[in-house]
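>>> quick one: sequence and predicted model below, then my questions.
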Amino acid sequence: MHLTRLALTDFRSYPAADVTLEPGVTTFTGPNGQGKTNLVEAACYLATFSSHRVATDAPLIRQGADRAVLRGVVSAAGRDSLLEVEINAGRANRVRLNRATVSRPRDVLGVLRCVLFAPEDITLVKGDPEQRRRYLDDLLVAVRPRYAGTRADYERVLKQRNALLKSAKARGVPPSALDVWDDHLVAAGAELTAARLWLVGQLRPLAAACYSAVSGADADTGMTYRMAAWRQAGQGASSGDDSATTEPAADLAVLAAALRDALAGRRHAELERGISLVGPHRDELELSIGGLPARGYASHGESWSLALALRLAAYRLLRSGGEDPVLVLDDVFAELDGARRDRLADLVADAEQVLVTAAVGEDVPASLSGVRFTVGGGQVCRA
């Protein structure tokens, strides 16, 4: 899978841009602030219909414009597909595939798959649990697009349940309707958790191998999914026993029972606080290096290597499905020492398509030679 064309209209800093791309490595170089990241952000938006840099779409529309339009031609399985996204201010976005309007954007997830590594990814290791949950859910949708519906269902139920809890707190009376929303939360939450557990099982050996390859060290890395409901439901011999947080099996019935028990046990606390305290939105993906939690203990170099390993593991998992995703390395090499640069370059050199951004062309290892574009003054020119 690769992009053969990327066209932008009123996206970020670009009134217009139209770039023809090829398989292999393409590097965009130019001073900071000239729009290199905007280009690869646009490519990844076409794959996920979301930005890795902002939570809402409004900043993506060029100042003074009322909409932005992205177009990408994707070559996969011997045929080309035209994917178009119209990002609108204050109203629903529009998605078209081969010029036919798509009623639900999630129905065309998978037409383009991208794996992006950017400087912000250090938060996968050092940041809050929310960052790691998003990593899992974004990858889950990329691997199995049908889970976009599960994810959306859970977020909708959680929002409604939180609104009901807040209302109940204000009135001081437990609403009878909460039992109905508990049922919805258990159904969607158990399905999402089971999918995450399956995904962690797939990722664990891949991430360990990628960490060793990137860091050059044979370190023992760990990845464990900690389910809040498992703890709240009283699993384990005692509250101080670590078996209470042992990663459960991806069994829907068992997970649903644990989640339901945990909700019952926390009902009083939830009504007091007016918020849902149990569910996949409270779970954690714990990462470790050498038996110690990566968050708080890993050095800067170790954290970068682990963050890279997580993205490379995602790339390998998607690749195992039969088609390479587009691999995007946004200003990555400037953050790495020479040895890690070379090892990373060796790991990605055989990818079908790699898009690289760099302020200084010399930061990109020579082994990643390919097409080069210069970016500056709103123009993207082939070098």
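Right, received. Where do you want to start?

>>> my read is that residue 197 contacts residue 247, right?
Yes: between residue 197 and residue 247 there is a contact under Cβ atoms under 8 Å: 7.0 Å. Just so you know, the C-beta spots here come from the backbone N, C-alpha and C atoms, and that holds for glycine as well.

>>> following the longest helix along the chain, which helix or strand comes up?
As assigned by DSSP state H, the longest helix anywhere in the chain is helix 178-215. For helix 178-215, the following helix or strand on the C-terminal side (DSSP states H and E) is strand 221-226.

>>> so residue 197 and residue 247 - more neighbours on which side?
More crowded of residue 197 and residue 247, by other Cβ atoms under 10 Å: residue 197, with 19 against 16.

>>> for that one, which non-adjacent residue is closest in space?
Computed as Cβ to Cβ, 6 or more residues apart in numbering, the closest residue to residue 197 that is not its neighbour in sequence is residue 250, at 3.9 Å.

>>> could you do residue 332 as well?
residue 117 (5.5 Å).

>>> backbone phi and psi for that neighbour, please?
Here is the backbone geometry of residue 117 (degrees, to the nearest 10): phi -120, psi 130.

>>> so what's it bridging to?
residue 329 (DSSP bridges).

>>> contacting residues for it?
307, 308, 311, 328, 329, 330, 332 (Cβ atoms under 8 Å, 6 or more residues apart in numbering).

>>> the second one - nearest residue in space that isn't next to it in sequence?
Spatial nearest neighbour of residue 308, chain neighbours left out: residue 214 (5.0 Å); criterion: Cβ to Cβ, 6+ apart.

>>> that neighbour against residue 340, yeah?
Yes: at 6.2 Å, residue 214 counts as touching residue 340 under the criterion of Cβ under 8 Å.

>>> sketch out the low-pLDDT regions of the chain for me.
The chain contains residues with pLDDT under 70 at 172-175, 231-246.

>>> how about the helices of it, start to end?
Using DSSP H, helices in the chain cover 36-48, 123-126, 129-143, 147-171, 178-215, 228-232, 252-265, 267-273, 294-297, 300-319, 338-348.

>>> can I get those helices in CSV with distance to residue 84?
What follows is the helices of the chain, written out as CSV (distance: least, Cβ to Cβ, whole Å):
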stretch, distance to residue 84
helix 36-48, 9
helix 123-126, 31
helix 129-143, 20
helix 147-171, 19
helix 178-215, 29
helix 228-232, 40
helix 252-265, 37
helix 267-273, 43
helix 294-297, 40
helix 300-319, 23
helix 338-348, 28
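
>>> out of those helices, which gets nearest to residue 357?
Smallest distance to residue 357 across the helices of the chain (Cβ to Cβ): 4.0 Å, for helix 36-48.

>>> common neighbours of residue 197 and residue 247, please.
The contact sets of residue 197 and residue 247 overlap at residue 225 (Cβ under 8 Å, 6+ apart).

>>> how much space separates the residue nearest to residue 197 from residue 141?
Distance of residue 250 to residue 141, computed by Cβ to Cβ, to the nearest Å: 17 Å.

>>> which one's more surrounded, these two?
residue 141 (21 against 18).

>>> for the more buried one, give its distance to residue 159.
In terms of Cβ to Cβ, residue 141 sits 19 Å off from residue 159.

>>> over to residue 51?
According to Cβ to Cβ, residue 51 and residue 159 sit 21 Å apart.

>>> same drill for those two, tell me which one is more crowded.
It is residue 51, of residue 51 and residue 159, that has more neighbours when counted by other Cβ under 10 Å, with 17 against 11.

>>> pretty sure the more buried one contacts residue 45?
Yes: counting by Cβ under 8 Å, residue 51 does reach residue 45; the two are 5.9 Å apart.

>>> next, show the common contact partners of these two.
Contacts common to residue 51 and residue 45, judged by Cβ under 8 Å, 6+ apart, are residue 60.

>>> tell me who's in contact with the nearest residue to residue 154 once chain neighbours are set aside.
Nearest non-adjacent residue to residue 154, counting by Cβ to Cβ, 6+ apart: residue 188, 4.1 Å away. Applying Cβ under 8 Å, 6+ apart, we find residue 188 in contact with 150, 153, 154, 157.

>>> one more time with 6 Å
Residue 188 makes contact with 153, 154, 157, according to Cβ atoms under 6 Å, 6 or more residues apart in numbering.

>>> neighbour count for residue 214 and residue 340, which is higher?
residue 214 (23 against 19).

>>> hmm, the more buried one is touching residue 307, no?
No: applying Cβ atoms under 6 Å, one finds residue 214 not in contact with residue 307, separated by 9.5 Å.
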